[in-house]
Structure formats: structure tokens, C-alpha cells
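Undergrad: quick one, structure for this:
(one chain, ligands or ions: 2)
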Amino acid sequence: MARHLKPLFQRWSSRVFSVELDGAPLYFGIREKLRGATVLPAVFSRLQKEDRCYSLLVCSRDRIRGDRFHWELRDKLLKDLPPGSDVATMSSFLPDEKGSLVKGYFFKSRAENSPLIEGILSDLEHTDPVLVCSYSQSEDGQQWTQSLWSHAEKKQMKFYVVPSEAPKHHPSALNMINSDVFYSLDEACDVLKKCGDIIPETQSVLRMLPSRVDARRKPDFPVIVIEGLDATGKTTLTESLRDSLGATLLRSPPQCLSTWRARFDREPPIIRRAFYAVGNYITAEQICQESAKSPVIVDRFWHSTAAYAIATAVTGPVSNLPHDGSEVYCWPSDLLQPSLVVLLTLDPEERTRRLRNRGLMKTDEEQELDHNKLFRDRVEEAYRRIIGPLCITVDASPSADLVLQQVLLLIRAKCHL
Ligand SMILES: Nc1ncnc2c1ncn2[C@@H]1O[C@H](COP(=O)(O)OP(=O)(O)O)[C@@H](O)[C@H]1O
Ligand SMILES: Nc1ccn([C@H]2C[C@H](O)[C@@H](COP(=O)(O)OP(=O)(O)O)O2)c(=O)n1
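TA: Ligands and ions are numbered 1, 2, ... in the order given. Below is the predicted model:
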């Protein structure tokens, strides 16, 4: 067995497998022996008699290359597999064991497509850090088994698939720290440095970093961050606050990174989120300089980086988020804390109306926000759970002037301006 696969087989039958169907995870386990009759896990009960299934688990020891390969593998499978394969995101993990998550895909196929599938899998298995399992059903259709798929070794051990309890939180929560959310400049820089050879633009991004970061320095003037989903009125409010308070207006990611933003938005989460994390530290340095002279208003900061990352990594309802109080919501100890964070909220109909009035939506993620209520709920709840600077939610549905007056009152009360 290849060395990179070995860690996966430790406690192989203690692993839980999760397949995302219709936007929510379904779980199953594997057992060497069956004790009595057992029901078929939901992933399999919906399949037909002629179906075979496969799973691909990406097990690169290099997490950046592994995540990039996993990201690109989806497009490859969608392009190469026959129509109707229903490629679904999959993962395997050890319950409650941090860092144990392995990502992959699950798909089905009909017997007549076997030669095509065998060709694709064999190419993948020989060239990439991927473990392939196949699933087949018993004659009577009552049981499914999982075995290692391998062209060379046909006599593989079989495991029965059995139902598994859903974990308390989405399995992605196990690998979130320093993969989806970064808690220090060093960790985020480390990721960008390691992908310098595949994304040359990272050199330019890293050159923008301040030479020294001092998160403990207390700003002379208040620093107020405005947060909220797209079209809640952040740009409108931040510009009015700048004019009313004679403040400096900054944003994260900072202007100096705008040339490279679209490039990093196309990358898998680990690289994309490291880019936004680094952006916060560059903005923090600008905040330090400007807050010596005047109040500073910031359009998005670490709340956005963490809340979008956490809400994207998990699927399904708000209850799948890491629990309230979890360490994933903690503010990085080396990042400047603003004096006040104002979170703008808006009912979905009004937000959509404002989006339409403004014109085209920008990122895929923002489009997802528009039609995926669950995602919107997860982002807003993650915003609320972040532990760090004082964060106050403000209803942004009144007129722009009323929202401004209300936020000015808040700033005067909380920041003594
Ligand atoms: N309080 C408000 N009432 C009505 N429309 C608003 C209000 N605040 C902003 N808008 C409008 O809604 C749209 C989105 O506002 P914008 O400030 O660009 O949001 P964001 O920066 O959060 O994406 C813009 O067309 C803006 O003119
Ligand atoms: N400080 C920041 C700012 C934005 N992001 C990410 C989070 C989302 O994926 C997008 C949202 O930014 P976008 O520019 O589309 O939204 P606005 O136009 O500012 O409302 O960027 C971040 O991670 N960290």
C-alpha cells in the first residue's frame, strides 16, 4: 500500500462517511461483520438495482496541494463522467477527532459504463493522491458493501455499509482551523508562501505586508467596523459616517490588493481565505496609522473573513455550525481589535430589492447568498457568534439617513465621540 494512504486505514472501520445530497450531509459507517438485520443508510436506499457507486478520497499529505487537487477534481469528474453520475461532495472522518477529515467525491454509475469508469479511476489512482472505494449491492439488494477499488488487486476485503449517527456538528468543523479560518498572520502567510510556485501573484501580495504587526497598540481615535451581507448598505453608511465624523474610510481587503482579488477568488478555500486573512493585517496597519490622526471607519474586516469562511465550509441549517462559544469564532490574538463593530441586518426581500436596484451581483458566493436562505442564515449567525470586539446589530431597513443617525448615536454612546 502506498505510504500516503496508510494513515487513512488506521481505525478504518471507526470512520464515518458523509455524502452531501440535496445540500445536507447523510452519514454511513462500515463494519466487517453484520450483527442481525440492519437498515440501509439513506445514501444507498435511494439507488437502483443496476447502480454501482464509487468514492474518491483525496489523501495528499500536503494540505495545500491536496485541497487544490480536490477543488479541480470536481470539474474533472463533471467533465469526464457520463451524464447521470450525480457527483456529490463526500468526506470521511473520525467522530470528534480534530484534523481527521478527508475530502472527496461520491458518484454512481450503471454497469454498461464500467469500462469508461475503470479507465478514469485507473488514471486517477496512478497519478494522484487518491483512494478509490467501490460499492456494490448483494443479489437481493438488501445490503451494500464497500471495498477498495484497485485495478491490480481484485481480492479486496469487503465492509458492510451501515447507518451512522449524525455528529453534533458538520464534519467540516473538524478541519476548519488554519484551513478555512486563520488565527495568526504567520499561519496565513505560510499558506501563501507555499503556493508561490503555483500562483506567482502571491509574491506581490506578500510584499504588501507590514514589516511589523502590533495588535496591542491602542488607537488614539475610535475604530468602527461596519459589517453585513452584500447590499445591506455598508458602502452607503460608511461614506456617510466618514463625512459626518471627519473620519478616514478604509476597507478590507485593502485597495492595494484589488488587482489580485479575482485571481484568489478562483482558488480553493485554503488559499482564498489565506488571501483575505492577509488583507485584514494590511488594513490593520493602515488603521494604526490613520487612527493616530482621526476616527477610522472600516468597510468589512475579520468578521466577514471568518463568518463567510465558516458558513461556506458547512452545509445545511444553522444547527450544523460549530457550537456557540467554539474556538473557531475567536478573534486572532495578533490582529488589531476595533472599538466597535456594527452588523447591519436586513430582511431578505428588501436585500434582494436593493441588489436588483444596484445592478449585477459580483461573486458566485454572493449569488449563492441570494438564492440560498440557509447559507444567508449561517453567515449571519456566524457573524453574531464571533467573540472579540463589541458587536452591535442594527436593523438597516429604515431610510439611509435614519440608519446613519442611529449608528451615530451608538458610536457616541460606545466610543465617547
Ligand atoms: N437605508 C437604505 N434604504 C434604502 N436603500 C438603501 C439604504 N442603504 C443603501 N441603500 C441602497 O441599497 C443598495 C446597496 O447599498 P450598498 O451601500 O451598496 O450596500 P453594501 O455596501 O452593503 O453592498 C444601493 O443601491 C444603495 O443606494
Ligand atoms: N475582510 C473581508 C472582506 C470580504 N471577504 C470575502 C467574504 C465574501 O466571500 C466576499 C464578500 O465581499 P464583497 O466585496 O462581494 O461584498 P461587498 O461588496 O463588500 O458587500 O469577500 C473576506 O473574506 N474578508
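Undergrad: now do the phi/psi pair for Ser92.
TA: phi -130, psi 140 (degrees, to the nearest 10).
Undergrad: ditto for Cys330
TA: Dihedral angles (degrees, to the nearest 10) for Cys330: phi -80, psi 140.
Undergrad: residue contacts, it?
TA: 183, 387-388 (Cβ atoms under 8 Å, 6 or more residues apart in numbering). In short, each C-beta sits where N, CA and C put it, glycine included.
Undergrad: one more pass at 7 Å, please.
TA: Ile387 (Cβ atoms under 7 Å, 6 or more residues apart in numbering).
Undergrad: okay, it and ligand 1: tell me how far apart.
TA: Distance from Cys330 to ligand 1, counting by Cβ to the nearest ligand atom, to the nearest Å: 25 Å.
Undergrad: Ala231 now?
TA: Distance from Ala231 to ligand 1, by Cβ to the nearest ligand atom: 4 Å.
Undergrad: against Met208, how distant is that residue?
TA: 28 Å (Cβ to Cβ, to the nearest Å).
Undergrad: the two: which is more packed in?
TA: Ala231 (24 against 15; other Cβ atoms under 10 Å).
Undergrad: give me the pLDDT for the more buried one.
TA: Here, the pLDDT recorded for Ala231 equals 93.
Undergrad: helix, strand, or coil at Ser134?
TA: When classified by DSSP: H, G, I helix; E, B strand; the rest coil, Ser134 comes out as strand.
Undergrad: and it, how many neighbours?
TA: 19.
Undergrad: how about the residues of the stretch 301-417 of the chain by ligand 1?
TA: The interface of the stretch 301-417 of the chain toward ligand 1, taken as Cβ under 6 Å from any ligand atom, is made up of 354, 357-358, 396, 399-400, 403.
Undergrad: near the nearest residue to His169 once chain neighbours are set aside, how many other residues are there?
TA: In space, and not counting its chain neighbours, His169 is closest to Pro322: 5.6 Å by Cβ to Cβ, 6 or more residues apart in numbering. Using other Cβ under 10 Å, Pro322 has 23 other residues around it.
Undergrad: for the one 10 residues further on, same thing?
TA: In terms of burial, Pro332 registers 23 neighbours under the definition other Cβ under 10 Å.
Undergrad: ok, now Leu245?
TA: Leu245 has 21 nearby residues by other Cβ under 10 Å.
Undergrad: hey, where'd the helices end up in the protein?
TA: Using DSSP state H, the helices of the chain run over 6-9, 42-45, 63-80, 114-127, 185-194, 201-207, 234-245, 258-265, 269-290, 302-313, 348-358, 364-371, 373-385, 400-415.
Undergrad: can you put those in CSV and add distance to Val162 and mean pLDDT?
TA: CSV is the format used below for those (distance: least, Cβ to Cβ, whole Å; pLDDT from 0 to 100):
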stretch, distance to Val162, mean pLDDT
helix 6-9, 18, 78
helix 42-45, 10, 93
helix 63-80, 26, 94
helix 114-127, 25, 90
helix 185-194, 37, 96
helix 201-207, 45, 96
helix 234-245, 49, 98
helix 258-265, 40, 97
helix 269-290, 31, 96
helix 302-313, 27, 97
helix 348-358, 40, 88
helix 364-371, 34, 62
helix 373-385, 28, 95
helix 400-415, 54, 97
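Undergrad: nearest to Lys103, out of those?
TA: Of all the helices of the chain, helix 63-80 sits nearest to Lys103, with 4.9 Å by Cβ to Cβ.
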